[in-house]
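1. return a 3D structure for these sequence lines:
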Amino acid sequence: MATTVSDYLITRLKQCGLEHIFAVPGDYASPFLETLDNTKGIERVPNINELGCGYAADGYARYKGIGAACVQYGVGTFSLLNCAAGSFVERVSVVIISASPKTSDRALEENKQILFHHSTGDLLADQLVFENVTVASEIIYDAENAPAQIDGAITAMLTYKRPIYIEVLNNVWTLSCAAPKGKLAPVELTSDPDSLDASIEAVWKSIQAAKLPVFWLGVEIQRFGLQEIVQKIINASGIYFTTTSVGKTVLDESQKQFIGTYAGPASPAVTRAVMNASDCILALGTIITDDYLNIMKSSFGKMTVVTDEETRVGYTYYRQVVLKDFLEKLLEKFQSQKKFPRKFSLPKSEKEKSPEIKPKDALSYTVFYEELSNFLKKEKMLGDVSLILGESTSLYVFGNLFGLPADAFVAQAAWGSLGHETGCALGVALGSGKRPFVVAGDGGFRMVCQELSSLAYHKCNAVVFVMSNEAYAIEQAFVDISAFTAKGSFAPFDILPAWDYIALAQAFGARGFRAETVEELRTIMREVKDLKDFPSLVEIVIPQKDLAPQLKRLAEIPPPLQKYRP
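-> Numbers count the residues shown, from 1 in each chain. The predicted structure is shown next:
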């Protein structure tokens, strides 16, 4: 049986472990979607719009190692561009599949100036735009070159753990091409031996001289499959570890060496104390954002950074050092030294007390955090759920949570696109097999609320908690934190209109709930715990001026750091 271009692409994706493709239909891609629906072992997952489609593929890939989204040319791809950018920044392997006007139609557009639907008039526009947020951006004009173009793009994605863009002309999908040969694999990147050895010797001197070294782990540890070796390093060294916000739960956080997730001033007290006292910070696989301006200012010269983009020990940079090679060499060092594992003393830190909560108490960020985290622990659900946090105050509040197992926390904390948390929930469910527990700000949720319908269509029992204060509160905190005082007022552009969330949930096929007190929240959590076959939307009513202490510390930038902010 002849292999078509559609068959070829689907076969390659299946070989990479893909079992679902998220899709919004379009006529240019219809031949591909028809082939997809007739192929066993892979399922088309319909989404309501392109944002939800892209976010779902991103969430899926965070667990499966690969995701895919198929959308219409122009109007679909440009809508999905934001999702691709987030995947690019946070090292998520997503295939963006598009289709464009067929060969004869392109000739009419180029020669007769007939503008075909969804085209800007520049038939290269989509590809050129996506070149900025992918590691490969291809237009497939003919069947003969299709296998090489597809293989090259997918290989780049597997190697660098970033998205790719594949656009196929409408008439090319059904053309015959060569059958796939073998399986694709990432290119094995190699380190320069001398540079690798020099970097290891430099970092080893820093570790030996340090009184309080600390590992600061990032999401690349998970993306590149390096969790096992890093855990061995933790065990062999005895050194404490923290993570970035986007890298939270790259390792099991119930172990004694974990000292909390580091989010700059928003971190737990013990985490801030350790990072401030450390004389040797080892940042491995980290994406360092502006949440960390303070530590970069105070500790740049005593920090080691090893990622897929750079290797630095103090002020010295080392070329061509691969993260995997560096970790293997570092593990050898620790295992060969009798004085490791060592015991290190933690600095004194303020004791953080949990608030006394009564059933009739009103809800707030802090109260909700205590109630939900205690509920998940008490019901022994931490291993069964994926906690998904939006780019809102809740991200920094729930970032303080201890005791989570590996791969139990999802947050787009580097790119920070509002709505990602609800949009990615379906992909997380299908990719991980875990139940999504989403905590969204009301501003972010409203950007992609229709994905509740996608969750309902697929009978996914996700729970979406919406922090309802009718404002872009996190935006207001960074613009003017004095708005949260008694005499302050929010900027008009940060105020949201009132929504009826229970009615909204019903319209989308979900169960709707509303909680204003602790007692109401506890009742709702008990009810949703056992719900199956449909999602739940829970409105958490909080005061508009409720300013969580984590966000307050983060938004109040110390004077020496003001110059780092625009």
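
2. by contact count, what packs against the lengthiest helix in the chain?
-> For the chain, the helix that runs over the most residues, judged by DSSP state H, is helix 193-209. Packing partners of helix 193-209 (3 or more C-beta pairs under 8 Å, 6 or more residues apart in numbering; DSSP states H and E): strand 280-284, strand 303-306, strand 311-313, helix 323-336. From N, CA and C alone the C-beta is placed, and that goes for glycine too.

3. now do the third one: everything it contacts.
-> The set of residues external to strand 311-313 that reach it, using C-beta atoms under 8 Å, 6 or more residues apart in numbering, is 195, 199, 202-203, 206, 303-306, 317-319, 321, 326.

4. is Ser137 in a bridge, and if so with what?
-> Beta-bridge partners recorded for Ser137 (DSSP bridges): Tyr165.

5. tell me which stretches of the stretch 251-400 of the chain form strands.
-> For the stretch 251-400 of the chain, applying DSSP state E, counting those that start in this stretch gives strands covering 258-261, 280-284, 303-306, 311-313, 316-317, 385-389.

6. need those strands in TSV (columns: distance to Phe241).
-> Formatted as TSV, the strands of the stretch 251-400 of the chain follow (distance: least, C-beta to C-beta, whole Å):
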stretch	distance to Phe241
strand 258-261	6
strand 280-284	9
strand 303-306	14
strand 311-313	18
strand 316-317	24
strand 385-389	20
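
7. neighbours around Ile97, how many?
-> Using other C-beta atoms under 10 Å, Ile97 has 26 neighbouring residues.

8. tell me the secondary structure for it?
-> strand (DSSP: H, G, I helix; E, B strand; the rest coil).

9. can you check Val439 too?
-> Three-state call for Val439 (three-state DSSP): strand.

10. circling back to that earlier point, pick the one among the contacts of strand 311-313 closest to Leu282.
-> Leu282 has its nearest neighbour among the contacts of strand 311-313 in Thr304, at 4.8 Å by C-beta to C-beta.

11. look up phi and psi at the nearest residue to Leu217 once chain neighbours are set aside.
-> Nearest non-adjacent residue to Leu217, counting by C-beta to C-beta, 6 or more residues apart in numbering: Thr243, 4.7 Å away. Phi and psi for Thr243, reported as degrees, to the nearest 10, are phi -140, psi 170.

12. which residues does Thr243 contact?
-> By C-beta under 8 Å, 6+ apart, the contact list for Thr243 reads 216-218, 249-251, 261-262.

13. just the buried ones from the contacts of strand 311-313?
-> 199, 202-203, 206, 303-306, 318, 321, 326 (16 or more other C-beta atoms under 10 Å).

14. can you add pLDDT and distance to Gly17 and give the residues you listed back as JSON lines?
-> Output for these, formatted as JSON lines (pLDDT from 0 to 100; distance: C-beta to C-beta, whole Å):
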{"residue": "Ser199", "pLDDT": "98", "distance to Gly17": "33"}
{"residue": "Ala202", "pLDDT": "97", "distance to Gly17": "38"}
{"residue": "Val203", "pLDDT": "97", "distance to Gly17": "34"}
{"residue": "Ser206", "pLDDT": "96", "distance to Gly17": "39"}
{"residue": "Met303", "pLDDT": "96", "distance to Gly17": "35"}
{"residue": "Thr304", "pLDDT": "97", "distance to Gly17": "33"}
{"residue": "Val305", "pLDDT": "98", "distance to Gly17": "31"}
{"residue": "Val306", "pLDDT": "98", "distance to Gly17": "27"}
{"residue": "Tyr318", "pLDDT": "98", "distance to Gly17": "33"}
{"residue": "Val321", "pLDDT": "98", "distance to Gly17": "28"}
{"residue": "Phe326", "pLDDT": "98", "distance to Gly17": "27"}
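
15. with distance to Asp279 added, can I get these in JSON lines?
-> Formatted as JSON lines, the buried ones among the contacts of strand 311-313 follow (distance: C-beta to C-beta, whole Å):
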{"residue": "Ser199", "distance to Asp279": "19"}
{"residue": "Ala202", "distance to Asp279": "15"}
{"residue": "Val203", "distance to Asp279": "13"}
{"residue": "Ser206", "distance to Asp279": "8"}
{"residue": "Met303", "distance to Asp279": "10"}
{"residue": "Thr304", "distance to Asp279": "12"}
{"residue": "Val305", "distance to Asp279": "16"}
{"residue": "Val306", "distance to Asp279": "18"}
{"residue": "Tyr318", "distance to Asp279": "21"}
{"residue": "Val321", "distance to Asp279": "23"}
{"residue": "Phe326", "distance to Asp279": "20"}
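
16. so what touches stretch 104-120?
-> If you take C-beta under 8 Å, 6+ apart as the criterion, stretch 104-120 is touched by 26, 28, 72-76, 100-101, 121, 123, 125, 169-171.

17. straight-line length of it, end to end?
-> Using C-alpha to C-alpha, to the nearest Å, the end-to-end distance of stretch 104-120 comes to 17 Å.

18. what do you get for stretch 523-542?
-> This stretch, stretch 523-542, spans 17 Å end to end (C-alpha to C-alpha).

19. chain center to it, what's the gap?
-> 24 Å (C-alpha atoms, centre = their mean, to the nearest Å).

20. buried residues in that stretch?
-> Buried residues in stretch 523-542, counting neighbours by 16+ other C-beta under 10 Å, are found at 524-525, 528, 534-542.

21. same deal with stretch 255-273?
-> In terms of neighbour count (16+ other C-beta under 10 Å), stretch 255-273 has its buried residues at 257-268, 270-273.

22. tell me which of these is nearest to Val518?
-> Nearest to Val518 out of the buried residues of stretch 255-273 is Pro268 (C-beta to C-beta; 22.8 Å).

23. contacts only, for the closest residue to Phe340 other than its chain neighbours.
-> Spatially, and ignoring its direct neighbours in sequence, Phe340 is nearest to Phe334 (4.9 Å; C-beta to C-beta, 6+ apart). Phe334 makes contacts with 233, 236-237, 340-341, as judged by C-beta under 8 Å, 6+ apart.

24. wait, what's in contact with the residue nearest in space to the middle of the chain?
-> Taking C-alpha atoms, centre = their mean as the criterion, Gln412 is the residue nearest the geometric centre of the chain, at 3.8 Å. Contacts for Gln412 (C-beta under 8 Å, 6+ apart) come out as 58, 86, 90, 246, 391, 420-421, 424.

25. look up how far Val428 lies from it.
-> Using C-beta to C-beta, to the nearest Å, one obtains 12 Å as the distance from Gln412 to Val428.

26. then Ile388?
-> In terms of C-beta to C-beta, Ile388 sits 6 Å off from Val428.

27. overlap in contacts, these two.
-> Residues within reach of Ile388 and of Val428 at once, by C-beta under 8 Å, 6+ apart, are 59, 410, 436.

28. ok so, going back, just the contacts of Gln412: which are in helices?
-> Among the contacts of Gln412, DSSP H puts 58, 86, 420-421 in helices.

29. got these as CSV, with distance to Thr366 columns?
-> Formatted as CSV, those follow (distance: C-beta to C-beta, whole Å):
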residue, distance to Thr366
Asp58, 30
Gly86, 28
His420, 24
Glu421, 20
